[in-house]
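>>> Return a 3D structure for these sequence lines:
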Amino acid sequence: MANIFSLGAVNVVAGINKSRYMEPKFEEEISEFYLKYDNAKKLALAIGHPPKDSRYFVLLSGNFIFGDFIEALIYENGWHVDEMTISTLSMSQDNVDSLAGLLETGNVEKLNLIVSDFFYSHERRNLVKYIYEKLDIDNKFQLAVASVHTKICLIQTTGGNKIVIHGSANLRTSSNIEQIMIENNDSLFDFNHDVHQAIIKRYATINKSLRRTELWQTILLKNTKEVANVKRF
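From the prediction side, this is the model:
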């Protein structure tokens, strides 16, 4: 076979006959079986309790699950979170289980999740149903669906810290090198919080007013039964 860099070689890439172009080398996908939570734990412990106005830039290898890092950051450092808002293009069932654990243990009091309409349309009968079943706990959860491609996590702790984590990484597994920035910055948090709250207000999928309506109907029904059971003398 002729060398593609020789003058006589003809290399066809993307339908173009040029010797200067080469086919990209595709790496083998990394199976979730080989992904280690320990990587997320190490980074979480290294971050610890970031001081105000601190910033950490991190390059992540392909065996790193961003959702695991959020869980480890809260658990390993003993954070109590008043509210957490996450926007992501996609996520996995493991990510849902991780978030459910944070709600069930009380480490996170309120969770807002914004997913892409692309994700919703492909997972509405599978993972979206699982999200509602696992995360809609004690009226602490809201799911919004919008045309988003952002990967942002906002964490407001009881201690007054406002953490913003943003970068290229979705919650689920990726075999790509990703980058994230972790910042304890009030102004950046408040700006992003306002934006995300506007999205949630417009594109929320859980009608929380129904909970109040059902409660009032229950009270009315109870009173009706009591009146019906009154014995007159």
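>>> wait, what's in contact with the spatially most central residue of the chain?
By Cα atoms, centre = their mean, the chain has its centre lying nearest to Ile86, at 4.4 Å. Each residue near Ile86 by Cβ atoms under 8 Å, 6 or more residues apart in numbering is listed here: Ile70, Leu99, Leu111, Asn112, Leu113, Ile114, Ile152, Cys153, Leu154, Leu171. All C-beta spots, glycine's among them, are computed from the backbone N, C-alpha and C.
>>> Next step: those restricted to strands.
In this view, the contacts of Ile86 that belong to strands under DSSP state E are Leu111, Asn112, Leu113, Ile114, Ile152, Cys153, Leu154.
>>> Can I get the residues you listed in a markdown table including distance to Asp53?
A markdown table is the format used below for the ones in strands among the contacts of Ile86 (distance: Cβ to Cβ, whole Å):
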| residue | distance to Asp53 |
| --- | --- |
| Leu111 | 26 |
| Asn112 | 25 |
| Leu113 | 27 |
| Ile114 | 26 |
| Ile152 | 18 |
| Cys153 | 18 |
| Leu154 | 16 |
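>>> what about the residue nearest to the centre of the chain, helix or strand, and which?
Assessed by DSSP states H and E, Ile86 sits inside strand 81-88.
>>> Now do the buried residues in that strand.
Across strand 81-88, burial judged by 16 or more other Cβ atoms under 10 Å covers Val81, Met84, Thr85, Ile86, Ser87, Thr88.
>>> quick one: low-confidence parts of this structure?
Scanning the chain for pLDDT under 70 picks out 1-38, 174, 210-219, 222-233.
>>> export the ones in strands among the contacts of Ile86 to JSON lines and tack on neighbour count?
As requested, those are exported to JSON lines (neighbours: other Cβ atoms under 10 Å):
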{"residue": "Leu111", "neighbour count": "21"}
{"residue": "Asn112", "neighbour count": "21"}
{"residue": "Leu113", "neighbour count": "23"}
{"residue": "Ile114", "neighbour count": "21"}
{"residue": "Ile152", "neighbour count": "17"}
{"residue": "Cys153", "neighbour count": "24"}
{"residue": "Leu154", "neighbour count": "24"}
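>>> ok, now how distant is the residue nearest to the centre of the chain from Lys134?
Here the distance between Ile86 and Lys134 works out to 15 Å (Cβ to Cβ, to the nearest Å).
>>> what does Asp68 give?
Distance of Asp68 to Lys134, given as Cβ to Cβ: 17 Å.
>>> Who has more neighbours out of these two?
Asp68 (23 against 17; other Cβ atoms under 10 Å).
>>> my read is Gln131 is in a strand, agree?
I think there's a mix-up here, since residue 131 is Ile and not Gln. No: applying DSSP: H, G, I helix; E, B strand; the rest coil, one finds Ile131 to be helix, outside a strand.
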